[in-house]
Structure formats: C-alpha cells, structure tokens
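Q: sequence and predicted structure below; questions after.
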Amino acid sequence: MELDKILENRRSIRKFAAGSRLTKEMISEFIAAALDAPSWKNTETARYHVVMSPEKIASVRNCFNAWNVNNTENVQALVVTAFEKNLSGYEKDGTPSNELGNGWGIYDAGLQNSIFLLKAAEAGIDSLVMGIRDAEAIRAILGIPESQEILSVIALGEKDSAAERPARKKVEDIVKFY
C-alpha cells in the first residue's frame, strides 16, 4: 500500500472485533520498522512492552479509565511504549544538551511510534494510542524499570466497524514560511 493511502485510511479505532490474525511476529516487524526512525545521537531509547496474553491484557486494561476500558474490548495486544530517561537530549557527562532534556526522549519515541502505527496499518492491523492510564500500576504489573518513562499504550487488533475520518486543519492554517 502506498504511504499516502495508509495515511488517508489509518484511524484510531475504538471498537475492536473479537479474534484477529495478529501475531508476535507481526508486532516484531512493526517494531523493526520503528527502529528506522531517527533518534537523538542515534540513542534509540524507545522501549516496547508487548502484552498479548488475555490475563495480562485484562490486568493492564484495569489501569485505564472507564472510557479506554470500553475502547479496548477485544484487543489482541497492548503495547506499552516507554523511553530510557536521561539519554536522548543529554551529553555523555549527564547534563542536558538544551532546555528540553528528556523531551527529546519523548520526541524520539513519538517518531518511532508513528512508524510503528503506519507499519501496523500497512499490515491491516488497527490501533488506538492511549495516554490516559495509571503508569505506575502498569509499571508494577509488567516490571518496567524506573529508568524508563512510560508514555502511552497502543491497542492493536482489527476494527469491528469503520471509523470516520475527522476533519483536519489545512496546511495554510498551521504554517508560516519565511
């Protein structure tokens, strides 16, 4: 599928179908593609914690608000995204390279997540990125080290129904050329 078509068709899905063809190998391919994203001084600090067992999925879903619990019924995987703190945006001596500090770790993980989502869409796997979650509860359930900042949880599966494309801003509304 062409990139323009993937961008046009990818949606945040809030109703997943029961059952799916999603596999560990497919998710590994999405992550491998994400590794091609640029990162601060090639630090590649993004980390993925992939939850596929029904029992663990249920445990992680308990860390969501009611809205996201409802949105993730029937998901086939939950991917907790994080980054290693104090590496991207920092010098070797540990001092921040600029005022953003760990903001670069968030930025780098966002770049990777974008590629991850597009690669999933290319494979016909639908997704929903969620930021409303209890990060510390998820950390405890999955044993995520304190050195990692938890950013989001990506739900993966196949949609139960089509999602409409929301209106987007026009280029001229968001850009200034100098």
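A: Perfect, I can see it now.
Q: ok, Ile154 - contacts?
A: Leu78, Val79, Thr81, Asn113, Phe116, Leu117, Ser127, Leu128, Val129, Met130 (Cβ atoms under 8 Å, 6 or more residues apart in numbering). The C-beta positions use only the backbone N, C-alpha and C, and glycine is treated the same way.
Q: excluding covalently adjacent residues, which one is nearest to the first one?
A: The spatially closest residue to Leu78, leaving aside those adjacent along the chain, is Val51, at 4.4 Å (Cβ to Cβ, 6 or more residues apart in numbering).
Q: give me the number of residues near the one you found?
A: Val51 is flanked by 22 other residues according to other Cβ atoms under 10 Å.
Q: now the phi/psi pair for it, please.
A: phi -110, psi 120 (degrees, to the nearest 10).
Q: now do the contacts for it.
A: By Cβ under 8 Å, 6+ apart, the residues touching Val51 are Ile57, Val60, Ala77, Leu78, Val79, Val80, Leu142.
Q: among those residues, which two are most distant?
A: Greatest spatial distance among the contacts of Val51 (Cβ to Cβ): Ala77 and Leu142, at 13.1 Å.
Q: more crowded one of those two?
A: Taking neighbours as other Cβ under 10 Å, Ala77 and Leu142 compare with Ala77 leading, 23 against 18.
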